[in-house]
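S.K.: Below are the sequence and a predicted model for it; my questions follow.
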Amino acid sequence: MIPYGRQDISQEDIDAVIGVLQSDFLTQGPMVPRFEAAVAAHVGAAHGVAVNSATSALHIACLALDLGPGDRLWTTPITFVASANCGLYCGAEVDFVDIDPRTWNMCPRALERKLVAAETQGRLPKVVVPVHLAGQPCDMAAIHALGQRFGFRIIEDASHAIGGRYRGEFIGNGRYSDITVFSFHPVKIVTTAEGGMALTNDAVLASRMELLRSHGVTRDPDQMTHTPDGPWYYQQVALGFNYRMTELQAALGISQMKRLEAFVARRHELARRYDKLLAGLPITLPWQHPDSYSGLHLYVIRVPVARRRSVFEAMRAAGIGVNLHYIPIHTQPYYQAMGFRPGDFPEAERYYAEAISLPMYHVMTDAQQDRVVATLMMALEQ
């Protein structure tokens, strides 16, 4: 089976983890701060807050921005459910903005139309979560300008996008958002096995997220209600969670970050080969906006609706691990129970009816890619 994605673990990675296993700290030691500093320095952000998953990072990002009951969070329907669920975790109302038919990301024009209507109804969002699908950044300048105009905060869900760039600058530098979230799941561009990180340039937001990831407990006298009773003293000053990243994960992440640019460069080589090898087939290839340099977590094609299922099943039967990213969130039963219905976001639904994610990972060989392409050609001819 050729999977749709997989990690690349080197001997250096293994040695880094073994080094931690032989150290004094398996958790809450020096590696997590080093990993945070490495990622923040690479993307040009002031602060990084490492956690046990990107879902946790989204949750504490929302809480740090004071999202709560009576507030609204908007995101795209074409993303993993965590991009929306983070709003529900905070007691907020969740809604969606349809996608751009070319980039498949949140459409700024659809967002503006929805914001204008919401303003007249007194129902503007407090937080908007653009998602960089497949690693291609959203039109963040346009979304940021709308944020300034309508007063919402922005969390970039860049779970697919570490190592990518927007307008020549690394995604995660915070120029167009309050907080950016990365994922380090094994199929992502770099991995910590499981893990995530929130990046921000705001020291207050960083401090809030650090507190929330560890039970809301602090040993910092400046955050306490009175002078510490002694050197043993701590206080719980907020209702937080056990979202900490381990030292083992951080050590793996530090090692993986050394190869980030090489990982992304290889993905671009593979994407160019796909573009060339698939040209002329009756499918739609992914389009890259000239303002972007995608992280290329995924390579998504669109197949005519009548053929999508047969092509998908034929490729799986041939040992090609194609996948689907994503089923529109508003069509999920949990969200249907809130009142969402098929037809609410037609461009997202058209995308879903046609999308297939082809295998894409940096240790993929040209021979494996050739097999994927040959199998796809045969499946389209059946």
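M.R.: Sure, I can see it. It should be emphasised that the depicted structure is a prediction, and the values quoted were computed from it without experimental measurement.
S.K.: how is the chain carved up into domains?
M.R.: 11-257, 260-381 (automatic domain parsing).
S.K.: Please enumerate the helices of the stretch 101-250 of the chain.
M.R.: 108-121, 140-150, 203-212, 247-257 (DSSP state H, counting those that start in this stretch).
S.K.: Dump those helices into JSON lines; add mean pLDDT and mean neighbour count as well.
M.R.: Heads up, the C-betas are built off the backbone N, CA and C, glycines and all. Shown next, in JSON lines, are the helices of the stretch 101-250 of the chain (pLDDT from 0 to 100; neighbours: other Cβ atoms under 10 Å):
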{"stretch": "helix 108-121", "mean pLDDT": "98", "mean neighbour count": "15"}
{"stretch": "helix 140-150", "mean pLDDT": "98", "mean neighbour count": "17"}
{"stretch": "helix 203-212", "mean pLDDT": "98", "mean neighbour count": "20"}
{"stretch": "helix 247-257", "mean pLDDT": "98", "mean neighbour count": "24"}
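S.K.: any idea which of the domains of the chain is most buried?
M.R.: Ranked by mean neighbour count, those are led by domain 11-257 with a mean of 20 (mean count of other Cβ atoms under 10 Å).
S.K.: end to end, how far does stretch 251-265 reach?
M.R.: With Cα to Cα, to the nearest Å applied, stretch 251-265 spans 23 Å between its terminal residues.
S.K.: wait, Thr200 sits on His47?
M.R.: Yes. Counting by Cβ atoms under 8 Å, His47 is a contact partner of Thr200 at 5.3 Å.
S.K.: so where do the strands sit in the stretch 201-350 of the chain?
M.R.: Per DSSP state E, counting those that start in this stretch, the stretch 201-350 of the chain carries strands over the ranges 217-218, 235-236, 292-293, 299-302.
S.K.: Kindly export stretch 301-313 (C-alpha atoms) in PDB.
M.R.: Output in PDB follows, covering the C-alpha atoms of stretch 301-313 (Å, rounded to 0.1, in the frame of the first residue of the first chain):
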ATOM      1  CA  ILE A 301      -7.500  16.500  -7.400                       C
ATOM      2  CA  ARG A 302     -11.100  16.800  -8.500                       C
ATOM      3  CA  VAL A 303     -12.700  14.000 -10.500                       C
ATOM      4  CA  PRO A 304     -16.100  14.300 -12.300                       C
ATOM      5  CA  VAL A 305     -18.900  13.500  -9.800                       C
ATOM      6  CA  ALA A 306     -20.100  10.500 -11.600                       C
ATOM      7  CA  ARG A 307     -16.600   8.900 -11.500                       C
ATOM      8  CA  ARG A 308     -15.300   9.900  -8.100                       C
ATOM      9  CA  ARG A 309     -16.400   6.900  -6.100                       C
ATOM     10  CA  SER A 310     -15.400   4.300  -8.800                       C
ATOM     11  CA  VAL A 311     -12.000   6.000  -9.200                       C
ATOM     12  CA  PHE A 312     -11.500   6.100  -5.400                       C
ATOM     13  CA  GLU A 313     -12.400   2.500  -4.900                       C
END
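S.K.: contacts for that stretch?
M.R.: Here stretch 301-313 makes contact (Cβ atoms under 8 Å, 6 or more residues apart in numbering) with 278, 282-286, 322, 324, 351, 353-356, 358, 376, 379-380, 382.
S.K.: Give me the contact list for the helix of greatest length in the chain.
M.R.: Ranked by residue count and defined by DSSP state H, the top helix of the chain is helix 260-278. Outside of helix 260-278, the residues within contact range by Cβ under 8 Å, 6+ apart are 8, 42, 135, 162-164, 189-190, 285-286, 294-297, 299, 301, 358, 360-362, 364, 366, 369-370, 373, 376.
S.K.: if I look at the spatially closest residue to Val51 that is not a sequence neighbour, how far off is Val305?
M.R.: Closest residue to Val51 apart from its sequence neighbours, by Cβ to Cβ, 6 or more residues apart in numbering: Tyr243 at 4.4 Å. Distance, Tyr243 to Val305, using Cβ to Cβ, to the nearest Å: 40 Å.
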